[in-house]
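A.B. asks: need a 3D model of the following:
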Amino acid sequence: MVNRILVGAHYGLKDWLIQRATAIVMAVYTVVFLVVVGAVGPDSFEAWRAIFANGFMKFATFLFFVSVFYHAWIGVRDIWMDYVKPDGLRLLMMIATATVLVGYAGWAVQILWRM
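C.D. replies: Now for the predicted structure:
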């Protein structure tokens, strides 16, 4: 009989699926963004502003940013769990990472909806 020692939080399949789903969202947004920019050909601030004044583009861009931040959270969290052994330091780094990512998400909201 093999005795396995189970460690970690066992996120496994759920996080793997989330990583793939967020990557797909980011890839689709990139294609949509390139098509829109190619079609409009913005050459001034007002033209760029008009692209993001559209409710669909605002929502799609916000969804892109949320996907980036969630994708980054899972990746960086896994790095901290794999390579930072002292529990207190790991917790501190996870809290700092989460704080920065939530701050960036708030900043993205502010930028997108103040137009």
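
A.B. asks: need the residues that contact the helix or strand bottoming out on mean pLDDT in the chain.
C.D. replies: In the chain, no helix or strand scores lower on mean pLDDT, DSSP states H and E than helix 45-53, which sits at a mean of 93. Helix 45-53 is contacted from outside by 36-37, 40-42, 57-58, 61, 112, 115, using CB atoms under 8 Å, 6 or more residues apart in numbering. Every residue, glycine included, has its C-beta placed from N, CA and C.

A.B. asks: run the last query once more with 10 Å
C.D. replies: 33, 36-37, 39-42, 44, 57-58, 60-61, 111-113, 115 (CB atoms under 10 Å, 6 or more residues apart in numbering).

A.B. asks: contacting residues around Tyr104?
C.D. replies: Tyr104 makes contact with 65, 68-69, 72, according to CB under 10 Å, 6+ apart.

A.B. asks: can we see that at 7 Å?
C.D. replies: For Tyr104, the contact set (CB atoms under 7 Å, 6 or more residues apart in numbering) comprises Phe69.

A.B. asks: quick check: closest non-adjacent residue to Val84.
C.D. replies: Arg90 (4.3 Å; CB to CB, 6 or more residues apart in numbering).

A.B. asks: you'd agree that neighbour is up against Trp80?
C.D. replies: Yes - Arg90 lies in contact with Trp80 (CB atoms under 7 Å); the separation is 5.2 Å.

A.B. asks: about what we covered before: of the contacts of helix 45-53, which belong to helices?
C.D. replies: Among those, the members found in helices (DSSP state H) are 33, 36-37, 39-40, 57-58, 60-61, 111-113.
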